[in-house]
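# pasting the sequence and the predicted model now:
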Amino acid sequence: MADTAGALDDHPELDNLPEWPLDTIAVLVTSENSGAPHAIPVSWPVRAGDRTILLSLRYNRGSLARLQDRPQVALLILGGGDIALCARGRARVVLPQLPDAPEYAAVAIDVEAIDDHRQGAFAVAAGIRRTVLDPAELHALEARVKFLQSLNP
């Protein structure tokens, strides 16, 4: 069996989070109590600093409860402009209820490591795209993101 310890040490990391398109869809990975990973898509993560990301998470989803029990998380971001990274760190609830969306909590990820997954052989031209089926939901998402952008976690 090949020794992979050196390969892990050589994995490229970024010092700071890059900018990504506003409408980026990311994948949040939390852990079950058993330690098993659980991944969900999250809409429009907000870059709130060189090593901080903000999300709005709905209360009726299990990810919010999981990250409160086990705050170590990973957020995979694939976005236009050749953004391909995994931000790993600790999540914390910044605000339990958003003012105009009480069914959502504001969550900050304090990023400890940023794995750079860009490759020289190809570039991420565009991230995951979704078609808006409910204009009211798009408006609500835009309002949540605008609020997150105003926070100073």
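Now that the structure is in, tell me what you want to look at.
# how near is residue 94 to residue 144?
Per Cβ to Cβ, to the nearest Å, residue 94 is found 13 Å from residue 144. All C-beta atoms are positioned from the backbone trio N, CA, C, and that covers glycine.
# who has more neighbours out of the two?
Between residue 94 and residue 144, residue 144 has the larger neighbour count (other Cβ atoms under 10 Å), namely 22 against 17.
# would that one count as being in a helix?
Yes. Assessed with DSSP: H, G, I helix; E, B strand; the rest coil, residue 144 lies in a helix.
# tell me who's in contact with it.
Counting by Cβ atoms under 8 Å, 6 or more residues apart in numbering, residue 144 touches 56, 98, 101, 104.
# pick the one among those residues closest to residue 29.
Closest approach to residue 29 among the contacts of residue 144 (Cβ to Cβ): residue 56, at 17.3 Å.
# the host helix or strand of that closest one pairs with which strands, parallel or anti?
Element membership for residue 56, per DSSP states H and E: strand 52-58. Partners of strand 52-58 in the sheet, by DSSP bridges, are strand 46-49 (antiparallel), strand 104-116 (antiparallel).
# export the longest one as PDB, just CAs?
What follows is the C-alpha trace of strand 104-116 in PDB, where atoms were taken according to Å, rounded to 0.1, in the frame of the first residue of the first chain:
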ATOM      1  CA  TYR A 104     -33.300  31.000   9.600                       C
ATOM      2  CA  ALA A 105     -30.200  31.300  11.800                       C
ATOM      3  CA  ALA A 106     -27.000  33.200  10.800                       C
ATOM      4  CA  VAL A 107     -24.000  30.900  11.000                       C
ATOM      5  CA  ALA A 108     -20.300  31.800  10.800                       C
ATOM      6  CA  ILE A 109     -17.600  29.400   9.800                       C
ATOM      7  CA  ASP A 110     -14.300  30.400  11.300                       C
ATOM      8  CA  VAL A 111     -12.000  29.000   8.700                       C
ATOM      9  CA  GLU A 112      -8.900  27.100   9.900                       C
ATOM     10  CA  ALA A 113      -7.700  25.700   6.600                       C
ATOM     11  CA  ILE A 114      -8.500  26.400   2.900                       C
ATOM     12  CA  ASP A 115      -7.800  23.500   0.600                       C
ATOM     13  CA  ASP A 116      -7.100  24.700  -3.000                       C
END
